[in-house]
Each structure stands twice: as structure tokens, then as C-alpha cells.
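[1] just coords:
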């Protein structure tokens with residue numbers, strides 16, 4: 001499974017509130033799920049931390065296997081972008097990169113943002 005940024009943000013908020021909710025329940029229901037994120041998600045999460053918090057950020061990201069971008073992923077991104085633009089239903093670039101990554105590594109994308117990701121053909125979504 002590839003976790004979208006929304007999942008990590010929800011997980012972080014639930015932890016800070018000390019009130020486990022949907023994201024924590026998802027993890028409890030899938031204890032053996034491989035924990036992967038796109039390099040794009042890594043970057044989006046980094047935005048929420050100052051330079052002084054870099055160690056804290058790296059500790060938070062440490063359990064996640066970060067999936068980088070490849071030429072095959074970039075090709076898939078380009079084809080998806082073209083398809084969505086031609087159909088008049090584009091989505092944001094970062095979401096498109098994340099979707100292309102999930103498709104390229106042939107895994108499900110865990111997100112609550114199905115509104116955008118529903119537009120991606122053959123993308124297997126798991127909502128929580």
C-alpha cells in the first residue's frame with residue numbers, strides 16, 4: 001500500500017490530539033500492511049516542518065519506505081496528465097505524481113481524497 005499525504009496528516013493530527021480516529025483504526029485493521037510513501041508525499045510532509053525540526057521530521061518519516069520517481073513513473077505521469085487534461089478533468093500535479101507512483105509499483109493508494117483520485121483509470125483506492 002502507498003499512503004497518500006492526507007493519510008499521514010490525519011495520522012499525525014490524531015496522534016497530537018491523543019484521539020485515535022479513522023487513520024489509526026485503518027492501521028490497526030491492517031497491521032501487516034507494508035508502509036510506503038511517494039517521494040512527493042515526503043516533500044509535502046516536509047513543508048509542515050521548519051529547518052529546526054528536521055530531525056523530528058526524519059524520525060516521523062523513518063518507518064516509511066520512500067518510493068522514488070523513475071522514468072517509467074514519469075512516463076505514466078505524462079500519459080495520465082494528458083488523458084485528464086484532454087477529458088477536462090485535470091488534478092493537481094502532486095496528486096498525479098502520487099497516483100502514477102501507485103500505478104507503477106502496482107499497489108493500492110490509501111487516501112481519503114477519492115474525489116481527485118477517482119479520475120485515474122485503474123488506480124486501486126482504499127479509503128479510511
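    Nice, thanks for sending it over. Since the structure is predicted, the reported quantities are computational estimates derived from the model, not experimental observations.
[2] skip the chain neighbours and tell me the closest residue to residue 73.
    residue 104 (4.4 Å; CB to CB, 6 or more residues apart in numbering). (C-beta placed from N, C-alpha, C; glycine too.)
[3] residue 51 versus the one you found, what's the distance?
    32 Å (CB to CB, to the nearest Å).
[4] these two: which is more packed in?
    Using other CB atoms under 10 Å as the criterion, residue 104 and residue 51 rank with residue 104 on top: 19 against 6.
[5] for residue 18, see how far away that one is.
    In terms of CB to CB, residue 104 sits 37 Å off from residue 18.
[6] which residue ranges of the protein form strands?
    2-3, 36-38, 65-67, 109-110, 125-126 (DSSP state E).
[7] would you format the ones you listed as a markdown table with mean pLDDT included?
    Shown next, in a markdown table, are the strands of the chain (pLDDT from 0 to 100):
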| stretch | mean pLDDT |
| --- | --- |
| strand 2-3 | 97 |
| strand 36-38 | 97 |
| strand 65-67 | 97 |
| strand 109-110 | 97 |
| strand 125-126 | 96 |
